[in-house]
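**Student:** Provided below for reference: sequence and predicted model.
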Amino acid sequence: MVLNNAMEYAREIGALPGNPLKAVKWTKPRTLSTVDPRTVINIEQARRFLMAVRKDSKRGERMEAFFGCMYYAALRPEEAVDLRREHLVSLPDDGWGEIDAPDQR
């Protein structure tokens, strides 16, 4: 859209005889509306992945927490990175806890 606007402006001020983008034929690619379950990690794979991440390096515990938050709480990477202790409403020794992270907007 920005490039098209620039071309239109160039045409308006006489720098171009016409907008060359008008000659380009393009259709938006079709997007899938469903997720193929074969492409999504399942719970057993997630557990094995998190265990492997923990054992892999000195930062293993931190990376396990990062990827665990992304998997179990469906956080985006930037949300997981921004989590702080004060965002944890409850964190039981066993079972599910609760996160109340500020809005990322």
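**Tutor:** Perfect, thanks for sending it.

**Student:** render the CA-only coordinates of stretch 66-78 in PDB, please.
**Tutor:** C-alpha atoms of stretch 66-78 as PDB (Å, rounded to 0.1, in the frame of the first residue of the first chain):
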ATOM      1  CA  PHE A  66       9.800 -19.800  28.800                       C
ATOM      2  CA  PHE A  67       8.600 -22.600  26.600                       C
ATOM      3  CA  GLY A  68       6.300 -24.000  29.300                       C
ATOM      4  CA  CYS A  69       4.500 -20.700  29.500                       C
ATOM      5  CA  MET A  70       4.200 -20.600  25.800                       C
ATOM      6  CA  TYR A  71       2.800 -24.100  25.700                       C
ATOM      7  CA  TYR A  72       0.600 -24.400  28.800                       C
ATOM      8  CA  ALA A  73      -0.600 -20.700  29.000                       C
ATOM      9  CA  ALA A  74      -0.700 -20.100  25.200                       C
ATOM     10  CA  LEU A  75       1.600 -17.000  25.600                       C
ATOM     11  CA  ARG A  76       3.300 -15.400  22.700                       C
ATOM     12  CA  PRO A  77       7.100 -15.200  23.000                       C
ATOM     13  CA  GLU A  78       7.100 -11.500  23.900                       C
END
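
**Student:** give me the neighbour count for residue 75.
**Tutor:** Residue 75 has 19 neighbouring residues, counting by other Cβ atoms under 10 Å. Any C-beta I mention is one placed from the backbone N, CA and C, and that applies to glycine too.

**Student:** what residues of whichever strand or helix holds residue 11 count as buried?
**Tutor:** Using DSSP states H and E, the element containing residue 11 is helix 2-12. By neighbour count on 16 or more other Cβ atoms under 10 Å, the buried set for helix 2-12 is residue 7.

**Student:** sounds good, over and out.
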